[in-house]
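**Student:** All I have is the shape, not the residue letters:
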C-alpha cells in the first residue's frame with residue numbers, strides 16, 4: 001500500500017510539473033485537462049492549476065465551465081481559496097458581474113468572507129466590471145487588507161477616471177510601495193493633470209525613496225508624458241541623472257528613448273542628441289532613431305534629420321511609417337523639397353508602406369510652402385476618398401494658397417472643402433482673407449456673410465502642417 005501511495009504522489013507531482021512547464025501553452029493545457037478527465041483525477045491542486053491557466057488566458061469561460069463540471073461530480077471536490085480567487089478573476093476578464101456576484105455569495109457561504117486573497121479578487125472583479133460602489137463596499141468590510149488590496153482599489157479608481165477617490169485611498173494607506181506611487185502618477189498623467197503628476201513624482205523621489213520606494217523603469221516611463229507636456233527641463237535632468245545612478249538607463253532602452261523625446265520637447269536638442277549618442281549602437285532600435293529624427297524635425301533641423309535617417313539606413317534599421325512621417329515633417333519645415341519627395345518615394349516604392357493621411361498632408365504642406373501649388377493640388381486630387389478625413393488635406397492646401405496669394409486655386413480648394421464640410425468657420429475666414437489680400441473686398445465680405453448665414457463655428461482648426 002505504501003509503495004502504491006508513493007507512486008501516486010510521484011505521478012501527481014509529475015502532472016503538476018507538466019502544468020507548470022506548459023502554463024503558457026493553451027493546447028498543452030487542454031491535452032492535460034483531457035488526461036485528467038480520463039483518469040478521473042480528484043486532486044484539487046491539479047485542477048486549480050488548470051483553472052488558473054483558463055482564468056488568465058484568452059478563454060476565461062473555460063474556467064467557469066470546468067468549475068461547473070467539478071461541482072456537479074458524484075464526489076464533488078471541496079474548493080479552496082485559490083479556486084475561488086481564480087474563478088473570480090475569470091469573471092473579471094469576462095466582465096460578467098452577475099456570475100461574479102454568485103461566486104461572491106458562494107465564497108461567503110463556505111467561509112471565505114474574511115479571506116484576504118478572495119476578497120481582494122472580488123474588489124478587482126467589481127472594479128474591472130465598473131461596479132465601483134460594490135468594490136468599495138467589499139474593501140471597507142475587509143478586516144484585513146494587504147498592499148495588493150490597496151493597489152487594486154487605487155488602480156481600479158484610476159481606470160475609471162476617479163482620480164480623487166484614488167488619491168484619498170492612496171493617502172489612507174498605512175504603507176505604500178512603488179506600485180502605489182506609480183499607479184497614482186499614471187492616474188494624474190491620464191487626466192492631464194501633469195503638474196500634480198510631477199509633484200507626486202518629486203515627493204516619491206525625494207521623500208519616500210528613503211523607504212526603498214524608489215522609482216523603477218515603469219515609474220519613469222509613466223512620468224515622461226507629464227514631463228514633455230509641460231516641457232520641464234529640470235525634470236528631464238533629474239530623471240536622466242537618476243537613470244544614470246540607478247542603472248535604469250542601461251537596463252531599459254525605452255527610458256533613453258523617452259529621454260530623447262523629453263529633452264527635445266523641453267527645448268534642449270543638444271541634450272537629446274547626447275542621450276542618443278549615449279545609447280550603444282547595438283541597443284539603438286527603431287524607436288531610438290525615430291525619436292531623434294522627430295527631435296530634429298521638432299526644432300526645424302531638416303538637414304540633421306535627413307542625415308540621421310541616412311545613418312539609420314547605414315545601421316541596417318528598417319524605417320516604419322512613423323519614421324517617414326517625422327522625416328517628411330522635417331523636410332517640410334526645413335524647405336528640403338526634393339529630399340522630401342525622395343523620402344516619400346522610398347517609403348512607397350522601396351519599403352512598400354502605404355501612405356496615410358498624415359503623410360499626404362506633410363507632403364502637400366511641403367510643396368505648398370515651396371510655392372509648388374499645382375503639384376500639391378494634383379496630389380490632393382489623386383488621394384482616394386476612402387483614406388478618411390480628406391478635408392484636412394484641402395485645408396492644408398488652402399493655407400498654402402493664402403500664403404502665396406493664389407486666389408484662383410483658393411476658390412477651387414474652398415469649393416472642395418465646402419463639398420465635404422461647411423461647419424468650420426476657419427475655412428471661410430481664410431478664403432475671405434485671400435480675397436482681401438487680392439483687393440477683392442466685395443468677395444471677402446460676401447464670404448464673411450456666408451459664414452454667418454451658415455452659423456459656421458469659429459473654433460480653432462486642424463491641419464497636418
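**Tutor:** Perfect, I can see it now. Quick caveat, the model's predicted, so the values are computed rather than measured.

**Student:** CA only for contacts and neighbour counts going forward, please
**Tutor:** Noted.

**Student:** give the contact list for residue 295.
**Tutor:** For residue 295, the residues meeting the contact criterion (CA atoms under 8 Å, 6 or more residues apart in numbering) are 260, 261, 264, 265, 269, 272.

**Student:** what's the next secondary structure element after the worst-scoring helix or strand of the chain on mean pLDDT?
**Tutor:** The element with the least model confidence among the helices and strands of the chain, by mean pLDDT, DSSP states H and E, is helix 2-21, at a mean of 61. With elements assigned by DSSP states H and E, the helix or strand that comes after helix 2-21 is helix 26-39.

**Student:** if you average pLDDT over that following helix, what comes out?
**Tutor:** Per-residue pLDDT values over helix 26-39 give a mean of 74.

**Student:** pLDDT averaged over the following helix or strand past it, what's the number?
**Tutor:** As assigned by DSSP H and E, the chain's next helix or strand after helix 26-39 is helix 44-56. Taken as a whole, helix 44-56 carries a mean pLDDT of 86.

**Student:** Quick one: work out the angle between the helix or strand following helix 44-56 and helix 26-39.
**Tutor:** Scanning forward in sequence from helix 44-56 by DSSP H and E, the next helix or strand is helix 61-71. Note on geometry: by axes from the mean of the first three to the mean of the last three CA atoms, to 10 degrees, helix 61-71 and helix 26-39 are set 10 degrees apart in direction.

**Student:** Give me the contact list for stretch 87-95.
**Tutor:** Residues outside stretch 87-95 that contact it (CA under 8 Å, 6+ apart): 51-52, 54-56, 60-61, 63-64, 67, 97, 99-100, 103, 121-122, 124-126, 128-129.

**Student:** how does it look with 6 Å?
**Tutor:** Residues from elsewhere that reach stretch 87-95, judged by CA atoms under 6 Å, 6 or more residues apart in numbering: 55, 60, 100, 125, 128, 129.

**Student:** Now do the one helix or strand residue 93 maps to, average pLDDT.
**Tutor:** Secondary-structure assignment from DSSP H and E places residue 93 in helix 81-94. Mean pLDDT, helix 81-94: 95.

**Student:** Now do it and helix 61-71, the angle between them.
**Tutor:** Going by the same axes, to 10 degrees, helix 81-94 makes 140 degrees with helix 61-71.

**Student:** Can you report how many residues neighbour residue 42?
**Tutor:** Summarising burial for residue 42: neighbours were counted as other CA atoms under 10 Å, giving 14.

**Student:** Excluding chain neighbours, what is closest to it?
**Tutor:** Nearest residue to residue 42 in three dimensions, chain neighbours excluded: residue 77, at 7.0 Å (CA to CA, 6 or more residues apart in numbering).

**Student:** that older thread, for the next helix or strand after the helix holding residue 93, which residues meet the burial criterion?
**Tutor:** Beyond helix 81-94 in the direction of the C-terminus, DSSP H and E gives the next helix or strand as helix 97-109. Of the residues in helix 97-109, those buried by neighbour count under the rule 16 or more other CA atoms under 10 Å are 97, 99, 100, 101, 103, 104, 107.

**Student:** Need the three-state assignment for the residue nearest to residue 42.
**Tutor:** Using DSSP: H, G, I helix; E, B strand; the rest coil as the criterion, the local structure at residue 77 reads coil.

**Student:** for it, phi and psi?
**Tutor:** In terms of degrees, to the nearest 10, the main-chain angles of residue 77 are phi -80, psi 140.

**Student:** That one: neighbour count?
**Tutor:** Residue 77: 14 surrounding residues under other CA under 10 Å.

**Student:** same question, residue 292
**Tutor:** Summarising burial for residue 292: neighbours were counted as other CA under 10 Å, giving 26.

**Student:** average pLDDT across the one helix or strand it maps to?
**Tutor:** If you go by DSSP H and E, residue 292 is part of helix 286-298. Here the mean pLDDT over helix 286-298 is 96, rounded to a whole number.

**Student:** And stretch 119-135, by the same measure?
**Tutor:** 97.

**Student:** from the chain's centre, how far out does that stretch sit?
**Tutor:** When C-alpha coordinates are averaged (CA atoms, centre = their mean, to the nearest Å), stretch 119-135 and its chain have centres 23 Å apart.

**Student:** List the contacts of it.
**Tutor:** Defining contact as CA under 6 Å, 6+ apart, one finds that stretch 119-135 is touched by 85, 92, 95, 149, 152, 156.

**Student:** before we move on, what about stretch 241-252?
**Tutor:** Taking CA under 6 Å, 6+ apart as the criterion, the residues outside stretch 241-252 that touch it are 255, 256.

**Student:** first vs last residue of it, how far apart are they?
**Tutor:** One end of stretch 241-252 sits 15 Å from the other (CA to CA, to the nearest Å).

**Student:** low pLDDT regions in the chain?
**Tutor:** Within the chain, the set of residues satisfying pLDDT under 70 comprises 1-12, 14-16, 18-20, 22, 35, 38-40, 208-211, 385-386, 457-465.

**Student:** One more pass at 50, please.
**Tutor:** The model of the chain has pLDDT under 50 over residues 1-2, 461-465.

**Student:** the strands in it, which residues?
**Tutor:** Ranges of strands in the chain, per DSSP state E: none exist.

**Student:** Provide the count of other residues in contact range of the residue lying closest to residue 290 once chain neighbours are set aside.
**Tutor:** Closest residue to residue 290 apart from its sequence neighbours, by CA to CA, 6+ apart: residue 323 at 5.1 Å. Other residues within reach of residue 323, judged by other CA under 10 Å, total 20.

**Student:** how near is residue 323 to residue 357?
**Tutor:** For residue 323 relative to residue 357 (CA to CA), the value is 15 Å.

**Student:** still on that earlier bit, among the contacts of residue 295, which lie within helices?
**Tutor:** For the contacts of residue 295, membership in helices holds for 260, 261, 264, 265, 269, 272, with DSSP state H as the criterion.

**Student:** Could you count how many residues lie near the closest residue to residue 148 other than its chain neighbours?
**Tutor:** Taking CA to CA, 6+ apart as the measure, residue 148 lies nearest to residue 120, with 7.5 Å between them; neighbours along the chain are not counted. Counted with other CA under 10 Å, the burial measure for residue 120 works out to 24 neighbours.

**Student:** where does residue 120 sit relative to residue 291, distance-wise?
**Tutor:** When CA to CA is applied, the distance between residue 120 and residue 291 equals 41 Å.

**Student:** Residue 183 now?
**Tutor:** Where residue 291 is concerned, residue 183 sits at a distance of 26 Å (CA to CA).

**Student:** Residue 133 too?
**Tutor:** To residue 291, residue 133 is 43 Å away according to CA to CA.

**Student:** same thing with residue 407?
**Tutor:** Where residue 291 is concerned, residue 407 sits at a distance of 39 Å (CA to CA).

**Student:** more crowded one of those two?
**Tutor:** When residue 407 is set against residue 291 and neighbours are counted by other CA under 10 Å, the residue ahead is residue 291, at 23 against 20.

**Student:** Leaving out sequence neighbours, find the closest residue to the more buried one.
**Tutor:** For residue 291, the closest residue by CA to CA, 6+ apart turns out to be residue 261, at 6.0 Å.
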